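A.B. asks: Any chance you can model this:
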Amino acid sequence: MREPVSLGYLLARLTDTLADAPGLPDADRLALLEDFRQVIEGGETAMGDDLRKLGEGLPHPGERNLLRCGGALLDWYGGCDEALRKPIGEVILTILEGQVWDIRAFRGGEHAACATREDLLRYTYQVAGAVGEFWTRIGFATLGEKFADPARADAMLVGGCKLGQALQLVNILRDLHEDLPRGRCYLPKDELLAVGWDGHSALTATELSPVFHKWLGVCHGFLDDADPYVAALRGARVRFCTRLPQLLAEDTVGLLREAGIHRVMRQKVKISRAGVWRAMGRAVFF
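C.D. replies: Prediction:
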């Protein structure tokens with residue numbers, strides 16, 4: 001699984017770097033993502049030079065190197081076997097949909113991008129749930145029965161999607177301290193309005209708390225739903241690589257609940273290094 005998963009990851013990181021590149025107007029970001037979409041769909045757009053030029057202005061050395069190698073990554077994608085290129089292309093196109101939506105959602109000064117629960121779930125699917133499906137499809141394509149029982153493939157796709165969505169929900173809830181000062185919130189607007197927000201002012205802890213804790217519960221439920229998925233995996237290394245992020249997400253949900261909304265709004269809540277090591281041990285013996 002390593003090669004196609006690595007390529008899918010690097011392509012997704014590349015699109016994420018384009019979507020978040022500092023100093024670029026939204027129109028330029030959208031144009032770059034559209035060019036990338038055309039390449040993934042088999043178009044003739046040449047992006048290598050554009051990516052290298054953009055990378056020269058990025059402060060992060062890893063991102064500069066990623067964009068410098070962007071042309072080579074696209075060549076790698078183009079040379080993949082069709083059985084692997086198809087799921088890689090599908091997940092990147094889905095991620096691009098989420099990234100384009102994200103850029104457009106806040107353009108009009110909106111504080112809350114997601115009008116309803118369905119909007120939030122769709123976004124978490126686009127940028128993370130689809131990745132869980134991708135992991136599953138690549139597992140069956142490369143390992144076959146060594147990945148899991150093929151008769152369970154449909155249920156596995158659902159479980160992988162739930163796990164991916166849970167991981168993205170953790171990111172959204174944990175990153176409130178960064179998003180709120182920028183006037184950004186992904187929690188559903190209708191739920192925030194229902195607890196007293198006026199739709200325009202900065203969100204307060206009182207307004208956020210019930211919605212925050214509700215979505216912690218949703219996230220916890222998705223993580224529980226992923227248990228059968230992890231248990232069905234047949235390879236020890238694949239199971240470890242899937243179980244570990246699930247455990248880290250569960251521990252983070254617990255820390256967020258314990259910290260409460262006031263602390264979450266002020267600072268990043270994260271697992272200690274010792275906690276990560278303990279999670280790794282638990283992942284081994286699942």
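A.B. asks: Might you calculate how far the host helix or strand of residue 256 sits from the centre of the chain?
C.D. replies: Element membership for residue 256 (DSSP states H and E) is helix 236-266. From the chain centre to the centre of helix 236-266 is a distance of 14 Å (CA atoms, centre = their mean, to the nearest Å).
A.B. asks: Show me which residues of it are buried.
C.D. replies: The neighbour-count check on helix 236-266 (16 or more other CB atoms under 10 Å) flags 238-240, 242-253, 255-257, 261, 264-265 as buried. Yep, even glycine has a C-beta here, placed from its N, CA and C like the rest.
A.B. asks: After that helix, which helix or strand is next?
C.D. replies: Helix 236-266 is succeeded, C-terminally, by helix 273-284 (DSSP H and E).
A.B. asks: Ramachandran coordinates for the closest residue in space to residue 235 that isn't next to it in sequence?
C.D. replies: Using CB to CB, 6 or more residues apart in numbering and skipping residues adjacent in sequence, the residue nearest residue 235 is residue 146, 5.9 Å away. Here is the backbone geometry of residue 146 (degrees, to the nearest 10): phi -70, psi -20.
A.B. asks: what does residue 112 give?
C.D. replies: phi -120, psi 120.
A.B. asks: Give me the nearest residue to the residue nearest the centre of the chain, chain neighbours excluded.
C.D. replies: What sits nearest the mean C-alpha location of the chain, by CA atoms, centre = their mean, is residue 128, with 3.7 Å. Closest residue to residue 128 apart from its sequence neighbours, by CB to CB, 6+ apart: residue 168 at 3.6 Å.
A.B. asks: Check the gap between that neighbour and residue 82 for me.
C.D. replies: Using CB to CB, to the nearest Å, residue 168 is found at 29 Å from residue 82.
A.B. asks: do the same with residue 276
C.D. replies: Computed as CB to CB, the residue 276 to residue 82 distance reads 38 Å.
A.B. asks: Those two: which is more packed in?
C.D. replies: residue 276 (14 against 7; other CB atoms under 10 Å).
A.B. asks: tilt between the host helix or strand of the residue nearest to residue 128 and helix 236-266?
C.D. replies: Using DSSP H and E, residue 168 maps to helix 153-174. Angle, helix 153-174 to helix 236-266, by axes from the mean of the first three to the mean of the last three CA atoms, to 10 degrees: 30 degrees.
A.B. asks: Have a look at the protein and report the helix or strand with the lowest mean pLDDT.
C.D. replies: helix 48-56 (a mean of 83; mean pLDDT, DSSP states H and E).
A.B. asks: what residues does that one touch?
C.D. replies: 14, 18, 21, 24, 32, 35, 63-68, 70-72, 74 (CB atoms under 8 Å, 6 or more residues apart in numbering).
A.B. asks: what do you get for stretch 182-198?
C.D. replies: Residues outside stretch 182-198 that contact it (CB under 8 Å, 6+ apart): 106, 109, 111-117, 119-120, 123, 172, 176, 179, 199, 202-204, 206-208, 210-212, 214-215.
A.B. asks: Point out where the stretch 51-200 of the chain drops to low pLDDT.
C.D. replies: Scanning the stretch 51-200 of the chain for pLDDT under 70 picks out the ranges 108-109.
A.B. asks: mind listing the helices for it?
C.D. replies: Taking DSSP state H, counting those that start in this stretch, the helices of the stretch 51-200 of the chain run over residues 61-68, 70-78, 82-105, 117-124, 130-143, 153-174, 176-179, 189-194.
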